[in-house]
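# need coordinates for the below:
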Amino acid sequence: MGRLLFGWDIHPTAYIGRSIILVEHLSMGAGANIGPWNVIRNLAELRLGAGASIATRNRISAHPLSAQVFTHSPGRRSALILGESAMVTDAHEIDCSDRVELADHARLAGFRSQVLTHSLNLVQDRWVTGPVVLGERCAVMSGCILLSGTRVPARSIVSAGSVVTTPLTKELTFYRGNPAVAIRSLPDTLRYFHRGEAEADRASP
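Next up is the predicted model:
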């Protein structure tokens, strides 16, 4: 119905549960799904790649681009973008006043994490925004806080309860704390870091 009423681009195999979705544009790839009891509103774009999913009880919202709130962030983009097989699990709060992006196979895991893309610059006394990006095959565990302008590197893990205040830079690293800092290196042999590769091998000629 969304394809007919709103011009959304939804693959025939995608699924939407009983959720409130008030966005300008929604696109969902093959096998993507949005579960029940989510509230998603005021985004300019919601995009789920093939196999990507938003589970349940998430609150995802933004100050719409039409609102004259973040005048010092003219290039902001109110969007949530999930790459192939990326996942947002349960009961997270995501502020998409600027772009939030999960790369392929990245996961906002567990429950009750907060992603904030806007903040008050106390030095200049002005509201500003910045995107939050989760790299390929990274995992952010339960109860984390990710502040505006931060990034989690590919194939890294942020421990439960951590607060990410600056862009993290080292791949294959375990991060923990407030603020989150590198604790130790992780082996490339972790199966989580290779999710999806077996399927790709089977699909190749």
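
# ok, and what's touching the helix or strand where residue 88 lies?
Secondary structure here is read from DSSP states H and E; on that basis residue 88 sits in strand 87-90. Residues from elsewhere that reach strand 87-90 (C-beta atoms under 8 Å, 6 or more residues apart in numbering): 52-58, 60, 82, 94, 102, 106-111. Where C-beta positions appear, they are placed from N, C-alpha and C, glycine not excepted.

# swap the cut-off to 7 Å and go again
Outside strand 87-90, the residues within contact range by C-beta atoms under 7 Å, 6 or more residues apart in numbering are 52, 53, 54, 55, 56, 57, 58, 107, 108, 109, 110, 111.

# and those as CSV, adding neighbour count?
Shown next, in CSV, are the contacts of strand 87-90 (neighbours: other C-beta atoms under 10 Å):
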residue, neighbour count
52, 26
53, 21
54, 28
55, 20
56, 18
57, 16
58, 23
107, 22
108, 30
109, 20
110, 18
111, 16
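
# inside strands: which ones of those?
If you go by DSSP state E, the contacts of strand 87-90 have 53, 54, 55, 56, 107, 108, 109, 110, 111 in strands.

# out of those residues, the closest to residue 45 would be?
Proximity to residue 45 was ranked across the ones in strands among the contacts of strand 87-90 by C-beta to C-beta; first place goes to residue 54, at 14.0 Å.

# burial measure for the closest residue in space to residue 79 that isn't next to it in sequence, as a count.
The spatial neighbour of residue 79 that comes closest, neighbours along the chain excluded (C-beta to C-beta, 6 or more residues apart in numbering), is residue 45 at 4.1 Å. Using other C-beta atoms under 10 Å, residue 45 is surrounded by 16 other residues.

# so who does residue 62 touch?
Under the criterion of C-beta under 7 Å, 6+ apart, the neighbours of residue 62 are 42, 43, 78, 95, 96, 97.

# per-residue confidence for it?
Reported pLDDT at residue 62 in the predicted model: 92.

# next up, phi/psi of it, please.
As for residue 62, its main-chain torsions (degrees, to the nearest 10) stand at phi -150, psi 160.

# quickly note the distance from it to residue 99.
To residue 99, residue 62 is 10 Å away according to C-beta to C-beta, to the nearest Å.

# contacting residues for the closest residue to residue 48 other than its chain neighbours?
For residue 48, the nearest residue in space outside its immediate sequence neighbours is residue 32; the separation is 3.9 Å by C-beta to C-beta, 6+ apart. If a contact means C-beta under 7 Å, 6+ apart, then residue 32 has 11, 14, 48, 49, 50, 51, 52, 53 as its contacts.

# and the pLDDT at the fifth one?
I take that to be residue 50. For residue 50, the pLDDT comes out at 98.

# what pLDDT does the residue nearest to it when sequence neighbours are not counted get?
Among residues not flanking residue 50 along the chain, residue 29 sits closest, at 3.7 Å (C-beta to C-beta, 6+ apart). pLDDT recorded at residue 29 is 98.

# alright, calling it a day.
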